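Novice: predicted model follows, preceded by the sequence.
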There are 2 protein chains.
Amino acid sequence: MVSRRAAALTARPPAIAAAHFRAQADPYHPRRRPGGYLNLGTAENRLVWDLLRPRLAARRPPGPADTQYAPLHGAADFRAALAGFLGGVCRTELDPDHLVVVSGVSAALDVIASVLCDPGDVIIVPAPYYGSFDVDLTGRSGARLLPVPVRPGQAGAAGPAGQAGQAGQAGQAGQADGTGAGDDTGAGGGIARAIDRALADARRRGVTVRAVALASPGNPVGHVYGAPQLRALCEVAAGYGVDVIADEIYANSVFGPAPFVSVLDPRVDAAGAGTRAHLLWGFAKDFGLPGFKVGVLHCPDPEIRAAARAFAYFAPTSTDTQAVLRDLLGDTGWVTGFLAESRRRLGTSYTRATGMLTAAGIPFVPVAAGFSVWADLRAWLAAPTFAAEHALWERIFEELRVNILPGQAFTAPEPGWFRICHATDRAVVAEGLRRIGGLPRAAGPGPAATPVATVAGSAGLRRD
Amino acid sequence: MVSRRAAALTARPPAIAAAHFRAQADPYHPRRRPGGYLNLGTAENRLVWDLLRPRLAARRPPGPADTQYAPLHGAADFRAALAGFLGGVCRTELDPDHLVVVSGVSAALDVIASVLCDPGDVIIVPAPYYGSFDVDLTGRSGARLLPVPVRPGQAGAAGPAGQAGQAGQAGQAGQADGTGAGDDTGAGGGIARAIDRALADARRRGVTVRAVALASPGNPVGHVYGAPQLRALCEVAAGYGVDVIADEIYANSVFGPAPFVSVLDPRVDAAGAGTRAHLLWGFAKDFGLPGFKVGVLHCPDPEIRAAARAFAYFAPTSTDTQAVLRDLLGDTGWVTGFLAESRRRLGTSYTRATGMLTAAGIPFVPVAAGFSVWADLRAWLAAPTFAAEHALWERIFEELRVNILPGQAFTAPEPGWFRICHATDRAVVAEGLRRIGGLPRAAGPGPAATPVATVAGSAGLRRD
């Protein structure tokens, strides 16, 4: 017999991981495994292995210090290298002592949630949101998530300006739900307003909200948030005495023209007002090293930091891997070139994938970051329900042998949306999209036929 | 403000780690840092770096699979290598699917405690016990430890038979507390009887005990338990429906003539009777790689295993490090030679250190495993109290600049015992012991003058 907590945790295995490993165990190959799975469900960047391979092979042999006990929140030299790198990304100086290193960003999310929340406390998440937040933020902490539906338009992101023609073509421009988004433009965007309403409502109901958590850039929808949006969000949170958890794991995977803005950027933080924003980052996405399990949490507050270090004790990172990544970050010329080339390839991959979707008549939300496309298969649902979405997902997985993730895995506010990852083998993406594109639309019309928002009107928000 | 749980965890930092990092930050050097710390407090095996260095330098460059997502409870090929190696150590066949890999044995202890215990449940630990059990087994799980005092004689271990003369010389043979240990000899030894009494008492008081946890071989006292002792312990636990957590991290660090016996050994497990024994192991001690943070938990029970995997999600291990250790374990000739030479060097180091203690007139408990000596400084205490022990520890740390750990850090049943680690630089050990040996004994007689037990009478227990 296991503990109640263990039973509860076991009862909800992370759906994304389960589908990933099933697909990975039987991968498609045109000749050797024609009946295998085409895995477009896992957000891995497999476009950069040719760049990583020689750099990893050139690693220095470990020294004694790389094998011995080191501070369990990260070795000092590794945190120094991280502070230098992340300081550049965030455009602000970071103190290595403010960084807490743990074995992956999932662990970092668990740590910050456990530091901030007692069991039952609430973390607000704009939805759709990264599906693993469910387990990462609540599985051990006992916190609860309160999803706040945000329409693609409200998030205030747009397709890459350089691909405006393609976005217009692909998106069949219009509002996602036909209600109009006029009230959601302007500095701050609708996301802050939606969070404000949710916080006010929670306060009325006596619910203890401890944080707002979001992926920035977005996931599953690869929005790039601008400084005014982030500032508005932080100001709203601060007004309620609520912290902000910013999972910036895709910070260097922005391929659109508007640059990434960190929650620590002075243009965001300038607002002050007691904002407590917690940045999380890792090597899984930007460096294409998801197996290395290195997550970083930025903790300027001494009390939060002491608590985060206490939890980091239970999820430390291998000094061997820290040494490899310390040397890699120290090779700043290589890092700059690698990240630039990675972004270029992501942009090309995105353009190619969205071109195929457009050719197949499948709408999508144009984005400027990340490894995936948020595709609108509402017109392919037999009914506008999550049961119908699940049936469609099952058909795509079992019959078409394509692993993509349904919107429900991301708590999408309406059924019919799917996350399709494109940052992998070009032939696998092409074959997977060919199969999905061959699916017949559902018979009747209905809400599923409503075209997707392109929200080009708010593109300017990302520029200042 | 942090959560109540975070505040509680922060309020009790692991004492051993704190002293380690303070000593490490200012290490002694005869010329460059004569005022620095001599660190005999950390249980690290620094005698084998010359053997490790070339093997680690010969690592293969990582392949793509060594960088991508792998099962978060350990990659299949790494678990296969581990099962082969640990199966040999435990003299039984192990299923790779029964192994759960996490980022260190501290994490593995946290996982098994969280799987077995709801907050408030009790884990019984024979005392003195490994000091970090306090944080590892209770910090996140919310379990409580119930120490059961066991006299050195009761644990049933003895000095290496080959060093009997030295042990006799050093130990000034006699019983630790003068009560006689006649009732504690024979198959099973006193430890099982002490646990039995504690379990009976807990049942009477309505306390929910979920497990008995012990380090085997022992730490801080490097006892090697024999099959009859372990069987008796497992039978007692099974009789109360209580699991056994066996931290076997020193399994391959036995330098005495009696071989290590795992809790999974058929001679132990043969008893059956529904015993649920959980083996934990890692690379920190036996392979001298404490920074690599690789812990293993053996989970044959499907329900326990599913729960352990769910918790492992929050403390995964770097695939890079897994690949290095997979290849290392695959080099079975190297492993056999390395472990044999490591044991030889540990024995030499132990003999040298205990010789110095003997010359200084400091008694100790003869042992056959591990990196440390359990030294009896009771005659150096100003009074037979833990306050006096702390004062002596402080004097040794601050004035002599020697880091050793007081018995209180291991919940020793009586004050005056210290753990002195010897598996490090020979000159550092010699200088540290020279300084300790120069300390004047306390003025008066009293319990502190009682000689230490050598428990030679139970040596036969380890032989079958």
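Specialist: Cool, got the structure. Numbering: from 1, shown residues only, chains lettered A, B, ... in the order given.
Novice: check contacts around the one residue in the stretch 151-300 of chain A that gets nearest to chain B.
Specialist: Closest to chain B within the stretch 151-300 of chain A is A:Gly291: 3.1 Å, counting by CB to the nearest CB. From N, CA and C alone the C-beta is placed, and that goes for glycine too. Counting by CB atoms under 8 Å, 6 or more residues apart in numbering or on different chains, A:Gly291 makes contact with B:Asp66, B:Thr67, B:Gln68, B:Tyr69, B:Ala70, B:Ser318, B:Thr319, B:Asp320.
Novice: before we move on, what about A:Cys299?
Specialist: A:His98, A:Leu99, A:Val100, A:His278, A:Arg305, A:Ala308.
Novice: identify, from the residues you listed, the entry nearest to chain B.
Specialist: A:Ala308 (8.3 Å).
Novice: tell me how many other residues surround the closest residue in space to the closest one that isn't next to it in sequence.
Specialist: Leaving aside its chain neighbours, A:Ala308 sits nearest to A:Val100 (4.5 Å; criterion: CB to CB, 6 or more residues apart in numbering or on different chains). For A:Val100, the tally of surrounding residues (other CB atoms under 10 Å in any protein chain shown) stands at 29.
Novice: the one 5 residues further on now?
Specialist: When neighbours are defined as other CB under 10 Å, A:Val105 has 27 of them.
Novice: now the one 5 residues further on
Specialist: Neighbours of A:Asp110 under the rule other CB under 10 Å: 27.
Novice: before we move on, what about the one 4 residues further on?
Specialist: A:Ser114: 28 surrounding residues under other CB under 10 Å.
Novice: residue contacts, it?
Specialist: For A:Ser114, the contacting residues are A:Arg140, A:Ser141, A:Phe311, B:Ser3, B:Arg5, B:Ala6, by CB under 8 Å, 6+ apart.
Novice: and A:His278, which of the three is it?
Specialist: Assigned by DSSP: H, G, I helix; E, B strand; the rest coil, the conformation of A:His278 is strand.
Novice: wait, doesn't it sit right on A:Val244?
Specialist: Yes - in terms of CB atoms under 8 Å, A:His278 counts as a neighbour of A:Val244; the distance is 6.8 Å.
Novice: if you skip the residues just before and after it, what's nearest to A:Phe371?
Specialist: A:Ala423 (3.8 Å).
Novice: looks to me like A:Ile420 is in a strand.
Specialist: Yes - counting by three-state DSSP, A:Ile420 is part of a strand.
Novice: that one: how many residues sit nearby?
Specialist: A:Ile420: 26 neighbours (other CB under 10 Å).
Novice: one more: A:Leu9?
Specialist: A count of nearby residues for A:Leu9, using other CB under 10 Å, gives 24.
Novice: what residues does the helix or strand it falls within touch?
Specialist: Per DSSP states H and E, A:Leu9 falls inside helix A:4-10. With CB under 8 Å, 6+ apart as the test, helix A:4-10 has contacts from A:2, A:135, A:139-140, B:114-116, B:118, B:303, B:306-307, B:310-311.
Novice: so which residue of the stretch 301-450 of chain A comes closest to chain B?
Specialist: Residue of the stretch 301-450 of chain A nearest chain B, by CB to the nearest CB: A:Thr319 (3.1 Å).
Novice: number of residues surrounding that residue?
Specialist: 27.
Novice: coming back round to it: any idea which of the contacts of A:Ser114 is closest to B:Leu357?
Specialist: Of all the contacts of A:Ser114, A:Phe311 has the smallest distance to B:Leu357: 39.2 Å, by CB to CB.
Novice: mind checking what secondary structure the closest residue to the closest one other than its chain neighbours has?
Specialist: Leaving aside its chain neighbours, A:Phe311 sits nearest to A:Val111 (4.4 Å; criterion: CB to CB, 6+ apart). Under three-state DSSP, A:Val111 falls in the helix class.
Novice: give me the pLDDT for A:Val111.
Specialist: Looking at A:Val111, its pLDDT reads 98.
Novice: done for today, thanks.
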